[in-house]
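Trainee: This is the structure alone, sequence omitted:
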Ligand code: GAR
């Protein structure tokens, strides 16, 4: 099967982007990362991508008068790279409903909480404040509402009594690096599809393995 062409959109560090790039190096991975686009020219992830000789583009949102004009150039870059799927990886910019519709069921995002709990920013603080005993991360199809959309995959980690937002974030980030490539592979291979507003996984994956490998 032809590999799906994926653009990864970032705003900062880009560790999830690195996890996707690493996974996509496997010959049987059903997707290839054809371009990395950052809305911040100084994003460390962009520097990393350039060093790896990936196509790496900065589209500085501050240089645009409106969200729409930014998204016109973004769309142009995605079309130029002949992209099939968009993977948001720490891309901290809201998209207009029009742009989200253009990429309906072809754009995915990772969020560092077990959605629908703890949307938005400061998710780890929110989790600690709520006193939950299990936290985690979610990969979902993007919908116009922030941090919402059909859930493709989730991974859970324990919350420990001594956790700070930083220690919890680090534990969840490890899980993100496992679950995001897993979810991208499911979508790119056509094994995860939207049926209504839920995702159906055609072929059983060993969810236990994903969870066990990420709980630490
Ligand atoms: C990740 O934890 C990701 O889940 C989060 O930003 C971080 C980016 O890290 N995304 C969101 O909060 C989106 N709502 P990275 O740049 O090292 O991948």
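Mentor: It's in. The structure displayed is predicted, hence computed values, not measured ones.
Trainee: hang on, isn't residue 159 packed against residue 134?
Mentor: Yes. With contact defined as Cβ atoms under 8 Å, residue 159 reaches residue 134; the gap is 6.5 Å. The C-beta positions use only the backbone N, C-alpha and C, and glycine is treated the same way.
Trainee: And those two? Which one has more around it.
Mentor: residue 159 (20 against 11; other Cβ atoms under 10 Å).
Trainee: residues in contact with residue 149?
Mentor: Taking Cβ atoms under 8 Å, 6 or more residues apart in numbering, we find residue 149 in contact with 109, 140, 141, 142, 143, 197.
Trainee: Can you say which of those are buried?
Mentor: For the contacts of residue 149, a neighbour count by 16 or more other Cβ atoms under 10 Å gives the buried set as 109, 140, 141, 142, 143.
Trainee: Now, those that are in helices?
Mentor: The subset of the buried ones among the contacts of residue 149 located in helices under the criterion DSSP state H is empty.
Trainee: What is the three-state secondary structure of the residue in the chain that the ligand sits nearest to?
Mentor: Minimum separation of the chain from the ligand (Cβ to the nearest ligand atom) falls at residue 90, amounting to 2.6 Å. Of the three states, residue 90 takes coil under DSSP: H, G, I helix; E, B strand; the rest coil.
Trainee: what does this structure put close to the ligand?
Mentor: 10, 12-16, 45, 89-90, 110-112, 147, 173, 176 (Cβ under 6 Å from any ligand atom).
Trainee: Among those, which pair sits farthest apart?
Mentor: 45 and 147 (20.3 Å; Cβ to Cβ).
Trainee: that older thread, count residues in the vicinity of the residue of the chain closest to the ligand, would you?
Mentor: By other Cβ under 10 Å, 22 other residues sit near residue 90.
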